[in-house]
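Undergrad: Sequence first, predicted model second:
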Amino acid sequence: QKEVEQNSGPLSVPEGAIASLNCTYSDRGSQSFFWYRQYSGKSPELIMSIYSNGDKEDGRFTAQLNKASQYVSLLIRDSQPSDSATYLCALVGGYNKLIFGAGTRLAVHP
Amino acid sequence: DAGVIQSPRHEVTEMGQEVTLRCKPISGHDYLFWYRQTMMRGLELLIYFNNNVPIDDSGMPEDRFSAKMPNASFSTLKIQPSEPRDSAVYFCASSRGTGADTQYFGPGTRLTVL
């Protein structure tokens, strides 16, 4: 089992809808979680971090963490075509290293 | 700030040749990371440095790969000899701390080994 699992997608949503991206992880001891966005041909950039159970909101983005069920999710409200990208879930693993999931490709169509 | 700088941006070489990728981290960042990204394996950490010292190189695929950080503003990743399966995008990233600290990625080097 991979340490961080994501559905590769593509996840296709219409403009204005809510996009829901999910991630599960295997190490129950993981404490810090991140969502990176990567546009095609570009480098990853951090958009959200979450450390406690519950929701964390930042503009149109909401990260959700459930440590008991070992999943992290990212909700994007009012999705825009400019949100079309690959979203990478990551967590801090052994030796304080970031471990990335394979990413979910999101396509927002007008 | 200029951000993380990598060179070259694209490299095409033939199997067996030596390849050297370069990285300049953000000034003041004590941690430097080298990643490799492929469609099959995603984004993988190869090695990371703290204050120019290699801390964990368990992700380096084999002895053909080596990395150095001679000073706080420069690091290299060398592949010798290169093989077609090394074709990937190689990213360098830096951060003030490890773990939960934000990592800032460079633009990457797209390596193609023929």
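TA: Now that the structure is in, tell me what you want to look at.
Undergrad: mind checking pLDDT for residue B:4?
TA: We have a pLDDT of 97 for residue B:4.
Undergrad: quick one: contacts for the nearest residue to it once chain neighbours are set aside?
TA: Spatial nearest neighbour of residue B:4, chain neighbours left out: residue B:106 (3.5 Å); criterion: CB to CB, 6 or more residues apart in numbering or on different chains. Glycine gets a C-beta too; all of them are placed from N, C-alpha and C. Going by CB atoms under 8 Å, 6 or more residues apart in numbering or on different chains, residue B:106 touches A:43, B:3-6, B:23, B:91-93.
Undergrad: Residues of chain A that sit close to chain B?
TA: Within chain A, the residues that sit near chain B (CB under 8 Å from any CB of the partner chain) are A:32, A:42-46, A:49, A:51, A:88, A:92, A:95-103.
Undergrad: Just the strands from chain B, written as ranges.
TA: B:5-7, B:10-13, B:19-24, B:31-38, B:42-50, B:53-56, B:65-71, B:74-79, B:88-95, B:104-105, B:109-113 (DSSP state E).
Undergrad: Dump those to CSV, plus distance to residue A:24 and mean neighbour count.
TA: Conversion of these to CSV gives the following (distance: least, CB to CB, whole Å; neighbours: other CB atoms under 10 Å in any protein chain shown):
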stretch, distance to residue A:24, mean neighbour count
strand B:5-7, 32, 17
strand B:10-13, 35, 14
strand B:19-24, 32, 19
strand B:31-38, 21, 23
strand B:42-50, 15, 20
strand B:53-56, 25, 14
strand B:65-71, 31, 15
strand B:74-79, 31, 19
strand B:88-95, 24, 23
strand B:104-105, 24, 22
strand B:109-113, 31, 18
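Undergrad: Could you export those strands to CSV, including columns for distance to residue A:60?
TA: Below are the strands of chain B laid out as CSV (distance: least, CB to CB, whole Å):
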stretch, distance to residue A:60
strand B:5-7, 31
strand B:10-13, 34
strand B:19-24, 33
strand B:31-38, 26
strand B:42-50, 24
strand B:53-56, 36
strand B:65-71, 38
strand B:74-79, 36
strand B:88-95, 25
strand B:104-105, 23
strand B:109-113, 31
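Undergrad: Export the ones you listed to TSV and append columns for distance to chain A.
TA: Formatted as TSV, those follow (distance: least, CB to the nearest CB, whole Å):
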stretch	distance to chain A
strand B:5-7	9
strand B:10-13	11
strand B:19-24	12
strand B:31-38	8
strand B:42-50	4
strand B:53-56	5
strand B:65-71	15
strand B:74-79	16
strand B:88-95	6
strand B:104-105	4
strand B:109-113	9
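Undergrad: mind checking which of those is nearest residue A:20?
TA: Comparing the strands of chain B against residue A:20 with CB to CB, the closest turns out to be strand B:42-50 (20.8 Å).
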